[in-house]
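*Asks:* output the structure for:
(2 chains)
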Amino acid sequence: MTRNRPVISSVRCLAAVFVSLTVLACLNLFGCGLHEKRHESEPVELDSLGEQPIEPLPLTVDFDVAQAALGEILFAEPRLSGDSKVACTDCHHAEHGWADDQPHSRVVGRPESPVNVPTMYNVRFLYKLSWGGKYESLEAHIDALMTNPKVMASSWEIATQHLSELSSYRQLFAAVFRDGLTPSNLRQAILDYERSLVTPNAPFDRYLRGNAQAVSPEAKQGYALFKSYGCASCHQGMAIGGNVFERLGVLRNFFDDRGHFDNADLGRFNITKREQDRFVFRVPSLRNVALTAPYFHDGSAATLEDAVTTMASYQLGRELSEPDRSAVVAFLRSLTGEYRGNSL
Amino acid sequence: MNESGVLRASLAIAAAGFLALLAYSALHALDYGEEEAYSRDLRRVQAATAELNERVLKSRSALLSQYDPLVHALRDLHALHERLKRVPEFLGRSAALDMRARLRDSEAQLQQKDELVEDFKTQNSVLQNSLHYFPILANSVIDRARVTPAGATVASRIQALISAIMLFDTAADTESTSRVQSAQVELSNAKQAAQELQLNHELELILAHSQIILERKPLTDGLVKQILAVPLPRIALALEEAYSLHYRSATDRALILRQILFGLASITIVLGLTDVILRLRRSALALELATGELRQANAALAREREKERQLGELKTRFVSMTSHEFRTPLSVIVSSTDLLENYSDRWDAERRSDHLERIRSAAGSMDRMLDDILLIGRAEAGVLRASPAQLNLDEFCRNLVESLEHSSGRSHSIRYSFSGDPQVTLDERLLSEVVGNLLSNALKYSPTGSQVDFDVDANDEQCKFAVEDRGIGIPEADIPRLFVSFFRAGNANQIKGSGLGLAVVQKALDVQNGTIEVQSRLGQGTKFVVLVPRDLGPLAASKSSSNEL
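*Replies:* Residues are numbered from 1 along each chain as shown, chains lettered A, B, ... in the order given. This is a model prediction of the structure:
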């Protein structure tokens, strides 16, 4: 059935409700039987059948399909910015896992971004956004970016005014929203698009759901190391991170070794002004991590291997052997999910 | 009508009050679904807090390997607070304000708890990692160090640190803290030996992890204690209690409101019914009144018609009677004249004078009759006036009696008496019509030789004339019509008369404000009693005569 494919649809349309109900019904009807069958033919290799620090992403999520489709168009629309020059996609690149492949984003007419741009995938599962955890919700985040003079230098009203000059947008909004093009509808469309950016069914999620063949033996070993090294004490949960703040450099001083430091390195301190939050960052989600190089808030790790080495060294005080590191990297690569049914 | 105005106004007020209260109660209606959801949310604050605390403790004991459950519990608590801020409408504004104030308090505590949990996660992640990795690392170094004699010292010092850390992990007091610290110092002093064994990096790591445990365990435990000490459950309990109080007062209010509504509805209905009944009754009354008036008008009209008819009849009869009554003396005159013309030369003087006397008598009777008719006519036309003048009543009556005795040839004896003051102011001519007619009737309708009593009494206010005969009397049935012109009683046919005498009496009395009463017994006699004011003002007379028309 649909268990191997994500079904992403809207609750607002009856069809989607019907599909979800069908899926649920099928899971209820056949889930038990499938589960037993799997036990017979494919022994689960998870070292513990009990609780795992990582949980798979849900296969379906709720959002408005039409609004999200409109939001996708808007995401690439420079008219959202005050000077009609900068679009969301200027920093969030679809081909780089909705992150930026540059350590700091460079956009014409804007100062260089102080931090590496994080991915947009699975943002709906994050409870705080930005490296310092400044924003408590997607709404707060997008509102701040719209008005930030260093980013969009705009407002929902200005963007609406820009878009209303094009009849195609007026028609699109009229088709999607009852009251057509308004600042709040514009915002809502983008939010729905952001909420639609979910990547379920990563090989490792399939493994967690019981498919032992979904990941390579090396990745399985990498997962075991990931847990035993202590990576999983921070990178855990559904998003494999994103739900806890941690100081960068627990056992060694990261910034001393890097050689310089700027204001962005203060991390959460910039928001809370508490001494204990100096150099503290939101532990990033490792979902699709293979797609989002470079790594860390400063984009200082160019490859996944570099990032793993740095993390092991500064956070855990470990020097990883080459096989161990590649096992961990193999595990991390198995975290790349599917978007709209296609592997990323 | 003022009464109905008051009734309507109070009806309008009662109805308006009822409707206003109804609208108010509809707006503030107790929504059981909403109430249930709200109190369930209130209870869930406690449950969610307990759940959060449990998850924190589990995380601390490494029983929970991810923080999502903590994040979710906190998110649930925040969502609960957001929902609880929408206090059910029926609680009222002051209750909502109170609840929101308490919720702000609770939210502040939750915010504090949120921050504590945030710090806890940060500290706990590192602590758990070190607690997990420190013994593994330390034991592996011991195994590697033990092989050489120099390494044995290092191994024993690491062992000592393990023991110190284990002790510290169970009871982090000053003694165990200083024991860890001294074990750390001991191990640091063995760095040289470790370097020789190429274990210096591992030694640093062991020391670093032990330092993390030493620093972060009290910190983490302190955070856990603080998290558990956040008085969220107590506030939640107070919130629940406050809510149940507000709920009770709201239901009390609703009950009172319902009673008032019921009362107002009853008042409205009663007033409305009263109004309807009053209106019905009023319209019935009006109908009755209108019917009555109509009936009265009808009756008046009928009376008018009857009167007219009677008048017409009277006139017809008057004319026919008059012509008839005139014919008798006329025929006497005509026949006597004829006889005298043809036989006067043959008749003796006595016979001629007899016929001449007859003519004179007939003409005289016609003259009298004409006088009577004229008087009645004048009275009915309203032009008969009394002309009062000074009069000696006794003298007047005595003359009248004498002249009647004379004209009747003394066939009856008239007994006359007078008492009182004889000086009166009356119309002599009208009075003589009254008294003369009554006396001549008395003589006419009583047997010859019988006595007629005539008693006059003039007191201070009025004069009373009583004429009593011992004659044929008047049938009782005829008495009501006695004073109608030309009416003659059934037993008077044998006796000559015009039927005008009593009518003249009546008319003459009317203009003098006088009254007349009659008592009669058939075959035994009749008594007339006339009362006339002693002093007749000229105005009173005219008024009375016009009344009669």
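
*Asks:* for chain A, what spans make up the helices?
*Replies:* A:14-41, A:65-75, A:138-147, A:156-164, A:167-176, A:183-196, A:203-208, A:217-229, A:254-258, A:269-272, A:304-316, A:322-333 (DSSP state H).

*Asks:* do the shortest one and chain B meet at all?
*Replies:* No. In terms of CB under 8 Å from any CB of the partner chain, no part of helix A:269-272 sits within range of chain B; the closest distance is 8.5 Å. In this view, the C-beta of every residue, glycine as well, is placed from N, C-alpha and C.

*Asks:* which of the residues in that helix are buried?
*Replies:* Residues of helix A:269-272 classed as buried by neighbour count (16 or more other CB atoms under 10 Å in any protein chain shown): A:269, A:270, A:271, A:272.

*Asks:* again, but for stretch B:260-267
*Replies:* Applying 16+ other CB under 10 Å to stretch B:260-267 flags B:261, B:264, B:267 as buried.

*Asks:* where does chain A dip in pLDDT?
*Replies:* Along chain A, the model assigns pLDDT under 70 to residues A:1-50.

*Asks:* the domain parsing of it - what is it?
*Replies:* A:42-57+A:200-343, A:65-196 (automatic domain parsing).

*Asks:* which among the buried residues of helix A:269-272 gets closest to residue B:292?
*Replies:* residue A:271 (97.7 Å; CB to CB).

*Asks:* which residues touch that closest one?
*Replies:* A:132, A:133, A:134, A:277 (CB atoms under 8 Å, 6 or more residues apart in numbering or on different chains).

*Asks:* okay, the residues you listed in TSV with neighbour count next?
*Replies:* Rendered in TSV, the data for the contacts of residue A:271 read as follows (neighbours: other CB atoms under 10 Å in any protein chain shown):
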residue	neighbour count
A:132	22
A:133	23
A:134	16
A:277	22
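
*Asks:* ok, of the residues you listed, which one's closest to residue B:386?
*Replies:* residue A:134 (127.0 Å).

*Asks:* distance of the closest one from residue A:128?
*Replies:* From residue A:134 across to residue A:128, the span is 8 Å (CB to CB, to the nearest Å).

*Asks:* one step back: need the buried residues of helix A:269-272 in a markdown table (columns: distance to residue B:372).
*Replies:* Output for these, formatted as a markdown table (distance: CB to CB, whole Å):
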| residue | distance to residue B:372 |
| --- | --- |
| A:269 | 145 |
| A:270 | 142 |
| A:271 | 138 |
| A:272 | 139 |
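
*Asks:* between these, which is nearest residue B:499?
*Replies:* residue A:271 (137.3 Å).

*Asks:* show me where chain B has strands.
*Replies:* B:389-392, B:413-420, B:423-426, B:451-458, B:462-468, B:515-521, B:525-533 (DSSP state E).

*Asks:* contact partners for the residue nearest to residue A:61 when sequence neighbours are not counted?
*Replies:* Sequence neighbours aside, residue A:198 is the residue nearest to residue A:61 in space, at 5.1 Å (criterion: CB to CB, 6 or more residues apart in numbering or on different chains). Residue A:198 is in contact with A:6, A:8, A:57, A:58, A:61, A:121, A:122, A:124, A:125, A:339, counting by CB under 8 Å, 6+ apart.

*Asks:* looking at those residues, which is nearest chain B?
*Replies:* residue A:125 (8.9 Å; CB to the nearest CB).

*Asks:* wait, doesn't the closest one sit right on residue A:241?
*Replies:* No. In this structure residue A:125 lies outside contact range of residue A:241 using CB atoms under 8 Å: 10.4 Å.

*Asks:* need the overlap of contacts for those two.
*Replies:* Contacts common to residue A:125 and residue A:241, judged by CB under 8 Å, 6+ apart, are residue A:285.

*Asks:* neighbour count winner among these two?
*Replies:* A direct count of neighbours by other CB atoms under 10 Å in any protein chain shown for residue A:125 and residue A:241 places residue A:241 higher, at 23 against 20.

*Asks:* tell me which of the helices of chain A is the most buried.
*Replies:* For the helices of chain A, the largest average neighbour count (mean count of other CB atoms under 10 Å in any protein chain shown) is found in helix A:203-208, namely a mean of 23.

*Asks:* which strands or helices does that one pack on?
*Replies:* The contact analysis (3 or more CB pairs under 8 Å, 6 or more residues apart in numbering or on different chains; DSSP states H and E) places helix A:203-208 against helix A:217-229.

*Asks:* using CSV, list the CA coordinates for the helix it packs on.
*Replies:* This file holds the C-alpha atoms of helix A:217-229, laid out as CSV (Å, rounded to 0.1, in the frame of the first residue of the first chain):
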residue,chain,number,x,y,z
PRO,A,217,25.4,-2.6,7.3
GLU,A,218,28.0,0.2,7.5
ALA,A,219,25.2,2.7,8.2
LYS,A,220,23.8,0.4,10.9
GLN,A,221,27.2,0.3,12.4
GLY,A,222,27.5,4.1,12.1
TYR,A,223,24.2,4.4,14.0
ALA,A,224,25.6,2.2,16.8
LEU,A,225,28.7,4.4,17.0
PHE,A,226,26.5,7.5,16.8
LYS,A,227,24.8,6.4,19.9
SER,A,228,27.9,5.0,21.8
TYR,A,229,30.0,8.1,21.0
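
*Asks:* near chain B, which residues of the stretch 51-200 of chain A?
*Replies:* A:51, A:52, A:53, A:54, A:55, A:127.

*Asks:* burial count for the closest residue to the fifth one other than its chain neighbours?
*Replies:* What it means is residue A:55. Excluding the flanking residues, the one nearest residue A:55 by CB to CB, 6+ apart is residue A:238, at 4.6 Å. Neighbour count for residue A:238, taken as other CB under 10 Å: 22.

*Asks:* check contacts around residue A:140.
*Replies:* By CB under 8 Å, 6+ apart, the neighbours of residue A:140 are residue A:129.
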